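Student: generate coordinates for the sequence data below:
(one chain, ligands or ions: 1)
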Amino acid sequence: MSEVPDGGSVSLDMLKKLMAQFAEKRDWNQYHSPRNLLLALVGEVGELAEIFQWKGEVKRGLPNWKEEEKTHLSEELSDVLLYLVRLSDTCGIDLGKAALRKVELNAIKYPVKSYQDVSTSSKKYKQITLETPTSYNGDRNTEKD
Ligand SMILES: Nc1ccn([C@H]2C[C@H](O)[C@@H](COP(=O)(O)OP(=O)(O)OP(=O)(O)O)O2)c(=O)n1
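Tutor: Predicted coordinates for the structure are as follows:
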């Protein structure tokens, strides 16, 4: 019988605990080092990219995809998420909190007001997005060349 809960509400915390149990039960904590997990994550991102490779642009919602292709996509997306959650855990980062903080930072970096009038003009949108970074000082890397 599956040890995975089948509730509709999935949290990052739940996934973190399930991944920790998964590793613990197999004595895999020794392999789940931050560096190994990062490499595993990048490998899964590669597998995810392979699904889209050579397809050209695809429509939102993937209306023309076969069910098997969508299932494959869901599996690779999950692998990426699970390794990301596990990597964050082994680095002592609370991924949920960190992501919420980043959403707030993004809102400061890209204020709604600056983009409200330009939804019909992609040219103008590009101008603004190119200009924005000069007024944003959120980068932690402040080293000069
Ligand atoms: N040392 C490991 C190996 C696997 N997993 C978990 C996390 C991923 O969700 C999934 C990855 O498993 P595979 O390496 O078998 O990758 P795939 O499922 O993508 O299989 P394949 O590469 O054959 O398509 O299993 C893990 O936590 N730690």
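Student: could you point out which element follows the longest helix belonging to the chain?
Tutor: Identified as the longest helix of the chain according to DSSP state H is helix 67-90. On the C-terminal side of helix 67-90, the nearest following helix or strand under DSSP states H and E is helix 95-109.
Student: list the buried ones in that following helix?
Tutor: Within helix 95-109, the residues scored as buried using 16 or more other Cβ atoms under 10 Å are residue 95. Using the backbone N, CA and C atoms, a C-beta is placed for each residue, glycine as well.
Student: who does the following helix or strand past it touch, helix- and strand-wise?
Tutor: Once the chain leaves helix 95-109, the next helix or strand it forms, by DSSP H and E, is helix 112-115. Applying 3 or more Cβ pairs under 8 Å, 6 or more residues apart in numbering; DSSP states H and E, we find helix 112-115 packed against helix 122-135.
Student: quick one: average confidence on the helix it packs on?
Tutor: Helix 122-135 shows a mean pLDDT of 54.
Student: still on that earlier bit, indicate whether the longest helix of the chain makes contact with the ligand.
Tutor: Yes: using Cβ under 6 Å from any ligand atom, helix 67-90 reaches the ligand at 79, 82-83.
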